[in-house]
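A.B. asks: What would the 3D arrangement of this be:
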Amino acid sequence: MARYIITALLFISIGVKAQQPISYASVDSTTYTFYIKGDWEKLIRVGKDAISKNIDFKWLRQRIGYAYFVKADYYAAQMQYEKALTFDEIDPMTREYLYYCGLYTGDDAYARFHGVKLTPEAKKRLGIEKFKPVDAVDMEFNYKSNDSQLRSNPTYLRAGISTKLGYRMKLYQSVSNYQQTIDTAVTKQPEYFALVDWSLTSHISLDIAYHYLSTSYSGTKIPGNLVFAKLSTSISRFNLGLNGSFLSSSLGQVKQFGLFGGVTLPGKSNIYLNSSLTGMIETSSNRIIYSQIAGLRLTKMLWAEGSVILGNLNNFNNYNALYVYNSVDPTTFRTGLTLYWYLGKKTILFCNYTYDQKQITNTTINYYNQHSFSGGIIWKL
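C.D. replies: Predicted coordinates for the structure are as follows:
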């Protein structure tokens, strides 16, 4: 009988010890040990359990953030470091890792916002400059092939330059030229584009752009002026925003309004989905355009992105108004695939294939197919 009583008391004692609440000191000691050992899974598990029991402090968030950072889950790391910032908003290590999270998630505005708050020594070490006349350059060439007897194969050439105007503001400028023979008349369209990107806060950005189009067709010049504005927000894996533009030329006026949103899914492939819905208001017609983009990381250096656009793209602009689809023959359906190859930290090569269903002018029911091939380079100095 005594043996059973002793056994029962032993189990009761073990159960009491197991149910004892965890403490700040034990969480601090345990997570630090896992941090030193590099046992990231256990660190994350213990850290989450502690937070669920209302034990929360700066070093805990930093350690969990670093564990996610090492695992290349930069969105999860960003969330943890932002929590750490609520305990100490001037902590230099937290700010630096938030800067890296912005870089590695492709959110340059977010990175710049936190970069401005780093110490002068850290800025110098990381190469963060307030003003840089030439921060990056890019070039793109596009050749289109179609099956219409009345249209030549168009070409498009573009070159751009990016300038840092401040820690939270940058300017992008681009010049381009489009050329095609329609029937027997040559169409040329040299263009100038300028975009200012301003990080209002760590999660809110404002973009304002101007696009000039100098169209000449059969000896007639048709200059066009387009102004564009976009307000966007990004919180962890999600982004949301709205944009609007106004295009004016001797052919008429076009108003464009859009809503867009996207998400990056958890996982090593970094699958992302972006959708947009755009309303077009013209003198002759009003219509809706839907766009869907999906991308993923194929390898450490290679990314793929597919896109589909549904609707009549007459005078539609895309990619912050960098591209304006004001061809004589509007596109009624578009789909494409782009590959991005990262050569180190400063060079990106890209190639693209796009299929367009084109309508011969905007007043006929005749269509033809067009295949587009692009290649280019982005070089960060």
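
A.B. asks: got the contact list for the nearest residue to residue 186 once chain neighbours are set aside?
C.D. replies: Leaving out its chain neighbours, the residue that sits closest to residue 186 by Cβ to Cβ, 6 or more residues apart in numbering is residue 179, at 7.1 Å. (Glycine included, C-beta is placed from N, CA and C.) For residue 179, the contacting residues are 154-156, 186-189, by Cβ atoms under 8 Å, 6 or more residues apart in numbering.

A.B. asks: Can I have the buried ones of these as a ChimeraX selection?
C.D. replies: This is how ChimeraX selects the buried members of the contacts of residue 179, with burial counted by 16 or more other Cβ atoms under 10 Å:
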select :154,156,187,189
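
A.B. asks: Quick check: which element contains residue 215?
C.D. replies: Element membership for residue 215 (DSSP states H and E) is strand 204-217.

A.B. asks: For that strand, list the C-alpha coordinates in CSV.
C.D. replies: Only the C-alpha atoms of strand 204-217 are listed here, as CSV (Å, rounded to 0.1, in the frame of the first residue of the first chain):
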residue,chain,number,x,y,z
ILE,A,204,3.0,53.9,-46.6
SER,A,205,4.5,55.2,-49.9
LEU,A,206,3.4,57.9,-52.4
ASP,A,207,4.4,57.7,-56.0
ILE,A,208,3.9,60.6,-58.5
ALA,A,209,4.8,60.3,-62.2
TYR,A,210,4.8,62.2,-65.4
HIS,A,211,4.9,60.6,-68.9
TYR,A,212,5.3,62.5,-72.1
LEU,A,213,4.5,60.8,-75.4
SER,A,214,5.5,62.3,-78.7
THR,A,215,3.6,60.3,-81.2
SER,A,216,3.9,60.8,-85.0
TYR,A,217,1.8,59.0,-87.5
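
A.B. asks: mind listing what's buried in it?
C.D. replies: Quick answer for strand 204-217 (16+ other Cβ under 10 Å): 204-207, 209, 211, 213, 215.

A.B. asks: Kindly indicate which of the residues you listed lies nearest residue 197.
C.D. replies: residue 207 (5.2 Å; Cβ to Cβ).

A.B. asks: In contact with that closest one, which residues?
C.D. replies: Contacts for residue 207 (Cβ under 8 Å, 6+ apart) come out as 195-198, 228-232, 243, 320.

A.B. asks: Show me what residue 279 is bridged to.
C.D. replies: Beta-bridge partners of residue 279, counted by DSSP bridges, are residue 257, residue 288.

A.B. asks: got the contact list for it?
C.D. replies: By Cβ under 8 Å, 6+ apart, the contact list for residue 279 reads 256-258, 286-289.

A.B. asks: switch to 10 Å and redo it
C.D. replies: Contacts for residue 279 were tallied using Cβ atoms under 10 Å, 6 or more residues apart in numbering; they are 244, 255-259, 286-289.

A.B. asks: Mind listing what's buried along the strand or helix carrying the residue nearest to residue 186?
C.D. replies: Element membership for residue 179, per DSSP H and E: strand 169-182. By 16+ other Cβ under 10 Å, the buried positions in strand 169-182 come out as 169-172, 174, 176, 178, 180, 182.

A.B. asks: Give me the helices and strands touching the host helix or strand of residue 81, please.
C.D. replies: Following DSSP H and E, one finds residue 81 within helix 74-87. If you count contacts as 3 or more Cβ pairs under 10 Å, 6 or more residues apart in numbering; DSSP states H and E, helix 74-87 packs onto helix 40-52, helix 58-70, helix 92-104, helix 108-115, strand 220-235.

A.B. asks: For stretch 308-325, buried residues please.
C.D. replies: For stretch 308-325, burial by neighbour count (16+ other Cβ under 10 Å) applies to 309, 311-318, 320-325.

A.B. asks: Of all pairs in the residues you listed, which one is the farthest apart?
C.D. replies: 312 and 320 (21.0 Å).

A.B. asks: what mean pLDDT does stretch 67-77 have?
C.D. replies: Averaging pLDDT along stretch 67-77 gives 93.

A.B. asks: Please give the centre-to-centre distance between it and its chain.
C.D. replies: Relative to its parent chain, stretch 67-77 has a centroid offset of 18 Å by Cα atoms, centre = their mean, to the nearest Å.

A.B. asks: Any buried residues in it, and which?
C.D. replies: Result for stretch 67-77 [16+ other Cβ under 10 Å]: buried residues 67-69, 73-77.

A.B. asks: cool, and stretch 193-207?
C.D. replies: Using 16+ other Cβ under 10 Å as the test for burial, stretch 193-207 gives 193, 195, 197-199, 202-207.

A.B. asks: Kindly report the same for stretch 253-262.
C.D. replies: Buried residues in stretch 253-262, counted by 16+ other Cβ under 10 Å: 254, 256, 258, 260-262.

A.B. asks: Looking at those, which one is closest to residue 280?
C.D. replies: residue 256 (5.7 Å).

A.B. asks: per the record, what domains does this protein have?
C.D. replies: According to automatic domain parsing, the chain comprises the domains 20-126, 132-380.

A.B. asks: chain center to the last one, what's the gap?
C.D. replies: Relative to the centre of its chain, domain 132-380 is centred 14 Å away, using Cα atoms, centre = their mean.

A.B. asks: For the buried residues of strand 169-182, give me CSV that also has distance to residue 140 and pLDDT.
C.D. replies: Below are the buried residues of strand 169-182 laid out as CSV (distance: Cβ to Cβ, whole Å; pLDDT from 0 to 100):
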residue, distance to residue 140, pLDDT
169, 24, 92
170, 19, 94
171, 19, 97
172, 13, 98
174, 9, 98
176, 8, 98
178, 12, 96
180, 17, 92
182, 23, 85
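
A.B. asks: Tally up the residues packed near residue 161, please.
C.D. replies: Around residue 161 there are 16 other residues, counting by other Cβ atoms under 10 Å.

A.B. asks: Would you map the strands across the stretch 201-350 of the chain?
C.D. replies: Per DSSP state E, counting those that start in this stretch, the stretch 201-350 of the chain carries strands over the ranges 204-217, 220-235, 238-249, 252-264, 272-282, 286-297, 302-310, 316-318, 323-325, 331-343, 347-359.
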